[in-house]
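[1] What follows is a predicted protein model with its sequence.
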Amino acid sequence: MTTWHEGRRVKLAADLRLAGTLVPAGGHAEEETEAPAGTLFLAAGAEGTVVRAEEHRAEPGPEVREYERLKALLDDFGHQMPPASRERLVAEVASLEPAWTAYRTAARRVRVRVRLDNGFVLGDARADLFTPA
């Protein structure tokens, strides 16, 4: 697993084609601007430096939140519960465990801002577009 941090040298893993609306730096995408006159291609292997890296994890779904709630209840008060109630709670926690496991093992989304050596800056780019240089 690659760790992303400021100052890390990276290179593009694949050719990129950049297209879309041109917006002045500091401007807003909602502003009306002229359409681009062409398309910009960046070749795989172009190197640069990570300026910023942000890691995001998806919000837990209702099953994950319920698992956390019931697991905490079981851990804190399970030893005090009547046997039948404890068995039901253990079964319910076990039924929610696959959702919990999937949430914990899901890949975290990493977005990076990279200043390429050619002067271009790619902001809010998926980290999987880059490999260590």
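    On my side now, so go ahead.

[2] Next secondary structure after the strand ranked longest in the chain?
    Counting by DSSP state E, the longest strand found in the chain is strand 47-56. Sequence-wise, the next helix or strand downstream of strand 47-56 (DSSP states H and E) is helix 62-77.

[3] what secondary structure does residue 125 sit in?
    Classification of residue 125 by DSSP: H, G, I helix; E, B strand; the rest coil places it in strand.

[4] show me where this protein has strands.
    9-12, 16-18, 40-42, 47-56, 109-116, 121-126, 130-132.

[5] Mind listing residues that contact the second one?
    The reference is to strand 16-18. 39-42, 129 (Cβ atoms under 8 Å, 6 or more residues apart in numbering). Backbone N, C-alpha and C define where each C-beta goes, glycine included.

[6] Try it again at 10 Å.
    For strand 16-18, the surrounding residues in contact (Cβ atoms under 10 Å, 6 or more residues apart in numbering) are 36, 39-44, 46, 120, 122, 125, 129.

[7] before we move on, back to that, and the strands of the chain as JSON lines, adding mean neighbour count and mean pLDDT?
    Output for the strands of the chain, formatted as JSON lines (neighbours: other Cβ atoms under 10 Å; pLDDT from 0 to 100):
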{"stretch": "strand 9-12", "mean neighbour count": "18", "mean pLDDT": "96"}
{"stretch": "strand 16-18", "mean neighbour count": "12", "mean pLDDT": "86"}
{"stretch": "strand 40-42", "mean neighbour count": "13", "mean pLDDT": "87"}
{"stretch": "strand 47-56", "mean neighbour count": "15", "mean pLDDT": "92"}
{"stretch": "strand 109-116", "mean neighbour count": "18", "mean pLDDT": "93"}
{"stretch": "strand 121-126", "mean neighbour count": "13", "mean pLDDT": "90"}
{"stretch": "strand 130-132", "mean neighbour count": "16", "mean pLDDT": "93"}
